[in-house]
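>>> Pasting a predicted model and its sequence here:
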Amino acid sequence: MAGIREFIRSLIGAGAAPPIVRPAGATPHTVTGSEDRAYWLSVLTRLASPVLGNLAQHRLKDTMPIESFGGSAAERRTYSHLEAFGRLLAGVSPWLEVTLRPSAERELQTQYGDLARRALGAATDPDSSDFMNFTSGKQPLVDAAYLAHAIIRAPDALWGQLEPQTRANVVAALRSTRIIKPPFNNWLLFGAMIEAAFCLVGEPWDAMRVDYAVRQHEQWYEGDGMYGDGPTFRWDYYNSLVIQPFPPIGRSLAYRFGAFQLLAQMALLRQLPQKVAPAQVRCALTTVIRRMIEAPGTFDAAGWLRIGFSGHQPRLGERYISTGSLYLCAVGLLPLGLPPEDEFWTAAPEDWTSRRIWAGEDLGADRAL
């Protein structure tokens, strides 16, 4: 890991990345796209190193702390390791898959790809000391789905390059979650995601689970671009992770900038609305990520994430939140799956919509699609 740390320091300088200086009249984000990407990579490695590094060595359960405030620490311990792994991998997988030119970043990608594949082996091998819980309780369905989504996002790095035995173990682990009956809400989509992964890799899959989840969510449309989480509409931050974006209210504030998964996914797919420039998204996301990652108390002394929204705020943790849950923030980093030469990274900095409106610029109003 020492070489990785040295590479990151060479990109952004020793210590924490410096704050953005905003001279009078300047845009709020004046660093270059390459500097932004270097910073995002530093965040990715800071999140990924303790999880993938320890799991690849079969010692995640021995080293990962389990912080919990609103629920039973003993119960969360049965779920937290798969939460950390699945959620982290869902976020870093596009970067593991992207084709990079020969560079220090590609060397870094190679190292983390190897760690991720070894970690998959450790997590799904029944004989491993870090074999994870895929069947006990309901929670494993959620995080197995994030693991499946990672494979969908990186079919070569996280499937094509796996050893045959690891492939078999991954399939068996994911298939074992079929015994879990999802609640009648957004959880239907988690089961559907696992089936989608089976379809992608050529395994037998249950099309009915996918069709039912999609059709049911269509029945929960509330209008004006909003969907209910099941039959009841809930005004929750949690919806930002699976349905639509929300401000910091309601559940799951401790997922931090993971709430921007949808925006990050649309940027990754190059499907942003025509009037939203990739540079605006890059600059806005970078500002949010900096604000959250650099808040004092975000990490403990050993580098593990701590419960909070802006720093360490354990009282924001619901009963289902523990250390592993927090790594869902990684899905905010999906645009790292775009190559460094993509417009997302090369375009000059731009103010994002809310800043332009508050600055008095005449823009068209947003409308639901």
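Looks like it came in fine. Numbering: from 1, shown residues only.
>>> and Glu195, what element?
Here Glu195 sits within helix 188-201, counting by DSSP states H and E.
>>> Correction: the previous question concerned Leu263.
Going by DSSP H and E, Leu263 is part of helix 261-268.
>>> Tell me which residues are up against that helix.
94, 240-241, 244-245, 272, 278, 281-282, 285, 331-335, 337-338, 344 (Cβ atoms under 8 Å, 6 or more residues apart in numbering). Backbone N, C-alpha and C define where each C-beta goes, glycine included.
>>> From these, list the buried ones, please.
Applying 16 or more other Cβ atoms under 10 Å to the contacts of helix 261-268, the neighbour count classes 94, 240-241, 272, 278, 281-282, 285, 331-335, 337-338, 344 as buried.
>>> Near Ala302, how many other residues are there?
Ala302: 9 surrounding residues under other Cβ atoms under 10 Å.
>>> Please disregard the earlier target; I meant Arg251.
With other Cβ under 10 Å as criterion, Arg251 counts 19.
>>> thought it was touching Ser240?
No - in this structure Arg251 lies outside contact range of Ser240 using Cβ atoms under 8 Å: 10.0 Å.
>>> Confirm Ser128 sits in a strand?
No - secondary structure of Ser128 (DSSP: H, G, I helix; E, B strand; the rest coil): coil, not part of a strand.
>>> so how many other residues sit close to it?
Based on other Cβ under 10 Å, the number of other residues close to Ser128 is 15.
>>> quick one, phi/psi of it?
Here is the backbone geometry of Ser128 (degrees, to the nearest 10): phi -80, psi 140.
>>> returning to what we had before: what lies in contact with the following helix or strand past the helix holding Glu195?
Per DSSP H and E, the first helix or strand lying C-terminal to helix 188-201 is helix 207-219. Residues outside helix 207-219 that contact it (Cβ under 8 Å, 6+ apart): 184, 186, 188-189, 191-192, 195-196, 199, 227.
>>> switch the cut-off to 6 Å
With Cβ atoms under 6 Å, 6 or more residues apart in numbering as the test, helix 207-219 has contacts from 188-189, 191-192, 195.
>>> Next one: Ala123 from Met292, what distance?
Between Ala123 and Met292 the computed distance is 27 Å (Cβ to Cβ, to the nearest Å).
>>> how long is stretch 335-349 end to end?
End-to-end distance for stretch 335-349: 16 Å, by Cα to Cα, to the nearest Å.
>>> that older thread, just the angle for the helix holding Glu195 relative to helix 207-219, thanks.
With axes from the mean of the first three to the mean of the last three Cα atoms, to 10 degrees applied, the angle from helix 188-201 to helix 207-219 works out at 140 degrees.
>>> OK, contacts around Phe309?
For Phe309, the contact set (Cβ under 6 Å, 6+ apart) comprises 253, 316.
>>> at 10 Å what do you get?
237, 248, 252-257, 259, 292, 295, 298, 316-317 (Cβ atoms under 10 Å, 6 or more residues apart in numbering).
>>> again with Gly53
Counting by Cβ under 10 Å, 6+ apart, Gly53 touches 1, 4, 45, 59-60, 63, 112, 115, 118-119, 303.
>>> Now the element after the helix or strand of the chain with the lowest mean pLDDT, going C-ward?
Every helix and strand in the chain was compared by mean pLDDT, DSSP states H and E; the lowest is helix 2-12, with a mean of 45. Proceeding N to C from helix 2-12, the next assigned helix or strand is helix 33-56, under DSSP H and E.
>>> Tabulate the CA atom coordinates of that next one in PDB.
Output of helix 33-56 as PDB, limited to C-alpha atoms (Å, rounded to 0.1, in the frame of the first residue of the first chain):
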ATOM      1  CA  GLY A  33     -10.400  18.600 -14.400                       C
ATOM      2  CA  SER A  34      -7.200  16.600 -14.000                       C
ATOM      3  CA  GLU A  35      -6.800  18.000 -10.500                       C
ATOM      4  CA  ASP A  36     -10.400  17.100  -9.700                       C
ATOM      5  CA  ARG A  37      -9.800  13.500 -10.900                       C
ATOM      6  CA  ALA A  38      -6.700  13.200  -8.800                       C
ATOM      7  CA  TYR A  39      -8.700  14.300  -5.800                       C
ATOM      8  CA  TRP A  40     -11.500  11.800  -6.500                       C
ATOM      9  CA  LEU A  41      -8.900   9.100  -6.800                       C
ATOM     10  CA  SER A  42      -7.500  10.000  -3.400                       C
ATOM     11  CA  VAL A  43     -11.000   9.700  -2.000                       C
ATOM     12  CA  LEU A  44     -11.500   6.300  -3.700                       C
ATOM     13  CA  THR A  45      -8.300   4.900  -2.400                       C
ATOM     14  CA  ARG A  46      -8.900   6.300   1.100                       C
ATOM     15  CA  LEU A  47     -12.300   4.500   1.100                       C
ATOM     16  CA  ALA A  48     -11.200   1.300  -0.600                       C
ATOM     17  CA  SER A  49      -7.800   0.600   1.100                       C
ATOM     18  CA  PRO A  50      -9.000  -0.600   4.500                       C
ATOM     19  CA  VAL A  51     -11.900  -2.700   3.100                       C
ATOM     20  CA  LEU A  52     -10.300  -4.300   0.100                       C
ATOM     21  CA  GLY A  53      -6.800  -4.500   1.600                       C
ATOM     22  CA  ASN A  54      -8.000  -6.400   4.700                       C
ATOM     23  CA  LEU A  55     -10.500  -8.500   2.900                       C
ATOM     24  CA  ALA A  56      -8.000  -9.600   0.300                       C
END
